[in-house]
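Engineer: Just a sequence and a predicted model for now, questions to come.
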Amino acid sequence: MRVAQTRVSSIERAEADGTIKLDTLRRAADALDCDLVYFLVPRTSLDSAVQTQARRKAAASLRHVAHNMRLEDQAVDVKDQIDDLAAELVDRRGLWTDAPTT
């Protein structure tokens, strides 16, 4: 890499600490005749992420309904309604936006 050994050690330490800059990694890759590949790896499957987001959005959408029902002393289990709305949301555009569900 044509840098002092102390600089190499500093780069390795920054990488281990998670504080290295992408530009530094890019320069190190170039010096080693390598390509820097930077990517994110999902922790769950795409299907699981979509289902979780759909349920989250459905619950937020129905939260006011459940609250109003409690105020009127008409307790209702919205779990089935959340499941039904979540199933509909999976196939709709806007699942990942903050816009209210219509």
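Structural biologist: Okay, I see it. Residues are numbered from 1 along each chain as shown.
Engineer: just the helices in the chain please.
Structural biologist: According to DSSP state H, the chain carries its helices in the segments 5-17, 22-31, 46-71, 79-89.
Engineer: how about TSV for the ones you listed, with mean pLDDT, distance to F39 and mean neighbour count added?
Structural biologist: From N, CA and C alone the C-beta is placed, and that goes for glycine too. Formatted as TSV, the helices of the chain follow (pLDDT from 0 to 100; distance: least, C-beta to C-beta, whole Å; neighbours: other C-beta atoms under 10 Å):
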stretch	mean pLDDT	distance to F39	mean neighbour count
helix 5-17	92	16	11
helix 22-31	92	12	13
helix 46-71	82	15	14
helix 79-89	86	28	15
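Engineer: quick one: which of those is nearest L40?
Structural biologist: Across these, L40 has its closest neighbour in helix 46-71 (12.3 Å, C-beta to C-beta).
Engineer: what angle sits between the closest one and helix 79-89?
Structural biologist: On the basis of axes from the mean of the first three to the mean of the last three C-alpha atoms, to 10 degrees, helix 46-71 is oriented at 140 degrees to helix 79-89.
Engineer: so which of the helices of the chain comes closest to D98?
Structural biologist: Closest to D98 of the helices of the chain, according to C-beta to C-beta: helix 46-71, at 9.2 Å.
Engineer: That'll do, ta.
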